[in-house]
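**Student:** Provide a 3D model corresponding to the input given below.
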Amino acid sequence: MSVEKVANKIIQVLKSGVMLPGGIKSQYSVCGKIGCKCADPDNPIKHGPYNKLSFSVSGKSSTMFIKQNDLMEAQKMVERFNLFRGLCNELGLEYFDLIREKGICPENLPVFDQILLPLINTKDKTVLQISRDSWKTKSLVRQNIIKDYRRKVRDLIKSRIKWKKKAMAAKNEIEDLKRQLSAVNSELDQLKKNGFGASHSDYRR
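**Tutor:** Numbering: from 1, shown residues only. Below you'll find the predicted structure:
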């Protein structure tokens, strides 16, 4: 098999879906509660199954429980990762044979961008095109979100200016009413001083 063929297989695996490293084991457990069916001496029924994914990458070990309904899909992801890892090893061996034949000279060796170029021109989308389309879609979504936020901010600013003008107008109207009231009170005080506010008994005398 050639470098190009192995690389093409790797691309097809990348396009096929999500990958998960590690392995999945199903286990049953006993809780130890008195009277629980799992501790029945004659017919114990253990709890489970509990599906656990375990893996170690770059010295970091991790585990994750998989729901029973997701077990089949998770197993496909693990198989896909194992296939991808095997193809990467196979690609390395193909390069090894090619280098042993032609020597370590980059100009004489095919690289991934050279392998991908013919595939980009086909009707079938490559992983690069899928990734580009995905990021393009995300970018458009973000742009729409930003436009929506800007519109909301603009509307809020307009509303704030509108209500600020109304508040200033109401404040001026209140001040004007206060001045009018003060003028009326002053006139009443003046009338009282001039005797217009005196009682009827005063007028008889």
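**Student:** contacts and neighbour counts: CA atoms only from here.
**Tutor:** Fine.
**Student:** I'd like to know which elements the longest helix anywhere in the chain is packed against.
**Tutor:** If you go by DSSP state H, the chain has its longest helix at helix 127-193. Judged by 3 or more CA pairs under 8 Å, 6 or more residues apart in numbering; DSSP states H and E, helix 127-193 is in contact with helix 3-16.
**Student:** starting at the chain centroid, how far to the helix it packs on?
**Tutor:** Remark: helix 3-16 is offset 29 Å from the chain centroid, using CA atoms, centre = their mean, to the nearest Å.
**Student:** per the record, what domains does this protein have?
**Tutor:** In terms of domains, the chain is parsed into 3-122, 125-205 (source: automatic domain parsing).
**Student:** go through these and pick out the most buried.
**Tutor:** For those, the largest average neighbour count (mean count of other CA atoms under 10 Å) is found in domain 3-122, namely a mean of 14.
**Student:** show me the shaky parts of the protein.
**Tutor:** For the chain, the stretches with pLDDT under 70 are 106-135, 196-205.
**Student:** now do the contacts for the residue lying closest to Asn82 once chain neighbours are set aside.
**Tutor:** Nearest residue to Asn82, sequence neighbours excluded (CA to CA, 6 or more residues apart in numbering): Pro21, at 7.3 Å. With CA atoms under 8 Å, 6 or more residues apart in numbering as the criterion, the residues that contact Pro21 are Phe55, Val78, Phe81, Asn82.
**Student:** mind putting these in JSON lines, distance to Leu91 and secondary structure included?
**Tutor:** Output for the contacts of Pro21, formatted as JSON lines (distance: CA to CA, whole Å; DSSP: H, G, I helix; E, B strand; the rest coil):
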{"residue": "Phe55", "distance to Leu91": "23", "secondary structure": "strand"}
{"residue": "Val78", "distance to Leu91": "20", "secondary structure": "helix"}
{"residue": "Phe81", "distance to Leu91": "15", "secondary structure": "helix"}
{"residue": "Asn82", "distance to Leu91": "14", "secondary structure": "helix"}
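**Student:** looking at these, spot the one nearest Glu175.
**Tutor:** Lowest distance from Glu175 to the contacts of Pro21 (CA to CA) belongs to Phe55, with 76.2 Å.
**Student:** thinking the closest one is in contact with Thr63, fair?
**Tutor:** Yes: taking CA atoms under 8 Å as the definition, Phe55 is a contact partner of Thr63 at 6.6 Å.
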